[in-house]
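>>> the following comprises the amino acid sequence and a computationally predicted model.
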Amino acid sequence: MKKFLGSNKLKTAVFISGSGSNLKNLIKFSFSKKSPIKIVFVVSNNSKAKGLVFANKNKIHKKTFKFNNKTKDENEILRYLKKKDINLICLAGFMEILSKNFIKKFNGKILNIHPSLLPKYKGLNTHLRAIQNKEKFSGCTIHFVTSKLDSGKIIMQKKVKISKGDTPKKLSKKILKQEHNLYPKAILKLFSNS
Ligand code: GRF
């Protein structure tokens, strides 16, 4: 993996669909001196995504693509990414599945955060399934995105204990807190020189 060189921060796009707490956290991280990334573009598939407010607040260009026509929208996104010279994509709660063609164009340059200890609990409703299966631990994973859902190479994981009485909502809160630590850590692991 190419390391980040001096002041040339990696131009990064973050893709979101919802509340955007990971986006908010990545923006904060990107402003730190040690950060190898600069967030220059936010993509959403939902114009009502709460997280878009963090793009506004920080004057980051944002754009919504409805994904009614996936091929057309992905091609338009790719044009934007090229124009903006984007070299890293961070998916953060993005609820669309990107096509093989799209992923190929950014091969090895798309990261995702998933709220489980992959390879366990790929897909949706991870917290509910982990609790129902009486797991002692769940957690979160940062991994590379490939065309197989939630199956790309794992970069980093953080375990979180499931306590008696944890509901999916409670567990999701606990894990989200760890996600906010883990995403910057994984980015530093991949791209930092030190
Ligand atoms: C996170 O739990 C993330 O792991 C999952 O979707 C959630 C997004 O949360 N993929 P937020 O929008 O970053 O607050």
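That came through fine. Residues are numbered from 1 along each chain as shown.
>>> what does this structure put close to the ligand?
Contact residues (Cβ under 6 Å from any ligand atom) of the chain with the ligand: 16, 18-22, 51, 92-93, 113-115, 176, 179. For the C-beta atoms, the positions are set from N, CA and C on the backbone; glycine is no exception.
>>> make a markdown table from the residues you listed and add pLDDT and neighbour count to it.
Compiled in a markdown table, the residues of the chain next to the ligand are given as follows (pLDDT from 0 to 100; neighbours: other Cβ atoms under 10 Å):
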| residue | pLDDT | neighbour count |
| --- | --- | --- |
| I16 | 98 | 29 |
| G18 | 98 | 17 |
| S19 | 98 | 15 |
| G20 | 98 | 23 |
| S21 | 98 | 18 |
| N22 | 98 | 26 |
| G51 | 98 | 22 |
| A92 | 98 | 23 |
| G93 | 98 | 23 |
| I113 | 98 | 23 |
| H114 | 98 | 23 |
| P115 | 98 | 22 |
| L176 | 98 | 18 |
| E179 | 98 | 23 |
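>>> biggest helix in the chain by residues?
In terms of residue count, the longest helix belonging to the chain (DSSP state H) is helix 168-191.
>>> list the contacts of S21.
Applying Cβ atoms under 8 Å, 6 or more residues apart in numbering, we find S21 in contact with G51, L176, E179, H180.
>>> now do the helices in this protein.
21-30, 52-57, 70-83, 100-105, 126-132, 168-191.
>>> return the most buried member of the ones you listed.
helix 21-30 (a mean of 21; mean count of other Cβ atoms under 10 Å).
>>> just the CA trace of that helix, in CSV.
C-alpha atoms of helix 21-30 as CSV (Å, rounded to 0.1, in the frame of the first residue of the first chain):
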residue,chain,number,x,y,z
SER,A,21,-21.5,10.1,12.8
ASN,A,22,-18.6,8.3,11.2
LEU,A,23,-18.4,11.1,8.6
LYS,A,24,-18.4,13.7,11.4
ASN,A,25,-15.6,11.8,13.1
LEU,A,26,-13.5,11.4,9.9
ILE,A,27,-13.8,15.1,9.2
LYS,A,28,-12.5,15.9,12.7
PHE,A,29,-9.7,13.4,12.2
SER,A,30,-8.9,14.9,8.7
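>>> chain center to that helix: distance?
Helix 21-30 sits 10 Å away from the centroid of its parent chain (Cα atoms, centre = their mean, to the nearest Å).
>>> now the angle from that helix to helix 168-191?
Interaxial angle, helix 21-30 versus helix 168-191 (axes from the mean of the first three to the mean of the last three Cα atoms, to 10 degrees): 30 degrees.
>>> enumerate every residue touching the closest residue to the ligand within the chain.
Using Cβ to the nearest ligand atom, the closest approach of the chain to the ligand is made by G93 at 2.6 Å. By Cβ under 8 Å, 6+ apart, the contact set of G93 is I16, S17, G18, S19, G20, N22, G51, I113.
>>> isn't the second one right up against L91?
To tie it back to what came earlier, the one meant is S17. No. Contact status for S17 versus L91: not in contact, 9.5 Å apart, counting by Cβ atoms under 8 Å.
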